[in-house]
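Participant: coordinates for the following, if possible.
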Amino acid sequence: MVFFDDGKLRAEVIDVEEDAIKVRFKEGGHLANNVQIRLQGSRYEMIPLLQNTDSTILKDIFSKFPYEYVSVPCIQNGKDLQEFKLTMGAEMEGKI
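Facilitator: Numbers count the residues shown, from 1 in each chain. Okay, the predicted model is just below:
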């Protein structure tokens, strides 16, 4: 099961290809831009915590503005935290 937009829309996975997943929506509704997608009972091992554009934007913001700490809401375990620290670099040490 795949949930879109905080569960407002639900879809069943009907096929998985190398570069796509085909789903069938359980009920109709409006799918807005930039909504969250959740896969029921799955870990996102193949999806990086941050995309390249995310880390570039964050590094730019951190270099321009003072900050005391960073909160990353999508971290689920120690591996995620380690990945974030390695991606963001040494300047983040002690602030995550």
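
Participant: tell me where the chain has strands.
Facilitator: Ranges of strands in the chain, per DSSP state E, are 2-4, 9-16, 21-25, 37-39.

Participant: what residues go with each domain of this structure?
Facilitator: 2-39, 52-92 (automatic domain parsing).

Participant: buried sites along the first one?
Facilitator: Along domain 2-39, the positions that meet the burial threshold by neighbour count (16 or more other C-beta atoms under 10 Å) are Val2, Phe3, Phe4, Leu9, Ala11, Val23. All C-beta atoms are positioned from the backbone trio N, CA, C, and that covers glycine.

Participant: what sits against the nearest residue to Asp6 once chain neighbours are set aside?
Facilitator: Distances taken as C-beta to C-beta, 6 or more residues apart in numbering put Gln36 closest to Asp6, at 6.4 Å, once the chain neighbours are dropped. Contacts for Gln36 (C-beta atoms under 8 Å, 6 or more residues apart in numbering) come out as Phe4, Asp5, Asp6.

Participant: again with Val35
Facilitator: Phe4, Asp5, Asp6.

Participant: switch the cut-off to 6 Å
Facilitator: Going by C-beta atoms under 6 Å, 6 or more residues apart in numbering, Val35 touches Phe4, Asp5.
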